[in-house]
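Undergrad: only the shape, not the letters, is given here:
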Ligand SMILES: NC(=O)c1ccc[n+]([C@@H]2O[C@H](COP(=O)([O-])OP(=O)(O)OC[C@H]3O[C@@H](n4cnc5c(N)ncnc54)[C@H](OP(=O)(O)O)[C@@H]3O)[C@@H](O)[C@H]2O)c1
């Protein structure tokens, strides 16, 4: 089981909430997306996962079958339209029309824009932004309508600019607007399109790459209003809410699951305040 899916705590949702439903999770074979797939399978959904690495796909499918639902794994790259088209058609044939589609495949690396190659910028745009378009465009004809729920996994970089993340910010800002645009276009058909922006999630590839040392991770925790990173299961629970009947009128919304990090308030003055208090008590 993924370290991002710290799944020991009981669900807060009704048992069998997604019984009879089908979910397709693009990039669902590790980290946050796999944690989401676990939460959906635990809630009763049949699940398909899709990513490039065949071994990873097989391992994820095996782990997900522990929930006792039908699970299918497909190998492919979201950058190749034909590959995602084939996988979605196969998932529909095996599992039925798609009630839930999660688009979460992404690439990331730190590189200042002054040193970023055209290919490096394009690779992230192609996986994150074009890939999300491919997933939703190819899924469109296979969706349950009315009733389908599409969930895009965004990132804080879509609204906050960071050193070395120009490529990710450009791609994820586009992903947010693609989410809103499809919500506007497809809402009449009973297809809801929403996004989740996770904060830093412990045990994930993203955190390992962007916060490679315990010292950096400690500063991240300190900078978060809740003083900690999140878990994959916490993001999965937001996904479960968004695709449940409880969110039947929620469309085109980007939900932050980040402990309040987007507000920025904790990182600015808490340390100064604590230093003042310490000085005053001496
Ligand atoms: N980690 C965090 O704290 C954090 C914070 C905010 C947002 N996010 C977002 O959350 C999502 C997951 O992040 P993570 O850190 O959990 O990453 P991760 O473990 O690296 O997961 C990425 C997944 O996408 C797949 N993938 C990557 N490129 C692909 C491609 N071209 N085609 C198909 N599948 C592809 C990977 O499998 P293969 O290698 O087998 O293809 C893997 O299953 C991303 O959208 C990320 O931007 C993460």
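TA: That came through, no problem. Being a predicted model, the structure only gives us computed values, none of them experimental. Numbers count the residues shown, from 1 in each chain.

Undergrad: please count neighbours and contacts with C-alpha atoms only from this point.
TA: Noted.

Undergrad: how about the helices in the stretch 1-150 of the chain?
TA: 31-42, 54-65, 81-95, 118-124, 131-139 (DSSP state H, counting those that start in this stretch).

Undergrad: most tightly packed of these?
TA: Per-stretch averages of neighbours, counted by mean count of other C-alpha atoms under 10 Å, single out helix 31-42 among these, with a mean of 28.

Undergrad: that helix to helix 54-65, inter-axis angle?
TA: Here the directions of helix 31-42 and helix 54-65 differ by 40 degrees (axes from the mean of the first three to the mean of the last three C-alpha atoms, to 10 degrees).

Undergrad: could you tell me how far helix 31-42 lies from the centre of the chain?
TA: 10 Å (C-alpha atoms, centre = their mean, to the nearest Å).

Undergrad: which elements pack onto that helix?
TA: If contacts are counted by 3 or more C-alpha pairs under 8 Å, 6 or more residues apart in numbering; DSSP states H and E, helix 31-42 sits against strand 22-26, strand 46-51, helix 54-65, helix 232-243.

Undergrad: between the ones you listed, which one is closest to the ligand.
TA: strand 46-51 (3.6 Å; C-alpha to the nearest ligand atom).

Undergrad: so which bits of the stretch 151-282 of the chain are right by the ligand?
TA: 153, 154, 155, 197, 198, 199, 200, 201, 204, 205, 206, 207 (C-alpha under 6 Å from any ligand atom).

Undergrad: neighbours of the fourth one, how many?
TA: By other C-alpha atoms under 10 Å, 21 other residues sit near residue 197.

Undergrad: circling back to that earlier point, what about the residues of the stretch 151-282 of the chain next to the ligand, which are in strands?
TA: 153, 197, 198 (DSSP state E).

Undergrad: of all those, which comes closest to residue 13?
TA: Using C-alpha to C-alpha, residue 198 is the member of those that sits closest to residue 13, with 20.1 Å.

Undergrad: before we move on, back to that, let's have the helices of the stretch 1-150 of the chain in a markdown table, adding mean pLDDT and distance to the ligand.
TA: As requested, the helices of the stretch 1-150 of the chain are exported to a markdown table (pLDDT from 0 to 100; distance: least, C-alpha to the nearest ligand atom, whole Å):
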| stretch | mean pLDDT | distance to the ligand |
| --- | --- | --- |
| helix 31-42 | 98 | 3 |
| helix 54-65 | 98 | 6 |
| helix 81-95 | 98 | 9 |
| helix 118-124 | 98 | 9 |
| helix 131-139 | 98 | 7 |
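
Undergrad: before we move on, the earlier item: save the helices and strands packed on helix 31-42 as TSV, and put in distance to residue 213 too.
TA: Listed next are the helices and strands packed on helix 31-42 as TSV, based on distance: least, C-alpha to C-alpha, whole Å:
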stretch	distance to residue 213
strand 22-26	29
strand 46-51	28
helix 54-65	25
helix 232-243	20
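
Undergrad: compare those and give me the one nearest residue 101.
TA: Closest approach to residue 101 among these is made by strand 22-26 (4.8 Å; C-alpha to C-alpha).

Undergrad: buried ones in the closest one?
TA: If you call a residue buried by 16 or more other C-alpha atoms under 10 Å, then strand 22-26 has these buried ones: 22, 23, 24, 25, 26.

Undergrad: same question for stretch 172-190.
TA: By neighbour count on 16+ other C-alpha under 10 Å, the buried set for stretch 172-190 is 172, 173, 174, 175, 176, 178, 179, 180, 182, 183, 187, 190.

Undergrad: list the contacts for the fourth one?
TA: For residue 175, the contacting residues are 128, 129, 132, 152, 154, taking C-alpha atoms under 8 Å, 6 or more residues apart in numbering as the criterion.

Undergrad: now render these as a markdown table, adding distance to residue 85.
TA: Below are the contacts of residue 175 laid out as a markdown table (distance: C-alpha to C-alpha, whole Å):
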| residue | distance to residue 85 |
| --- | --- |
| 128 | 17 |
| 129 | 16 |
| 132 | 12 |
| 152 | 18 |
| 154 | 22 |
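
Undergrad: closest to the ligand out of these?
TA: Lowest distance from the ligand to the contacts of residue 175 (C-alpha to the nearest ligand atom) belongs to residue 154, with 5.6 Å.

Undergrad: so what's that closest one up against?
TA: 104, 172, 175, 176, 195, 196, 197, 198.

Undergrad: how about it: what's its closest non-neighbour residue?
TA: residue 197 (4.7 Å; C-alpha to C-alpha, 6 or more residues apart in numbering).
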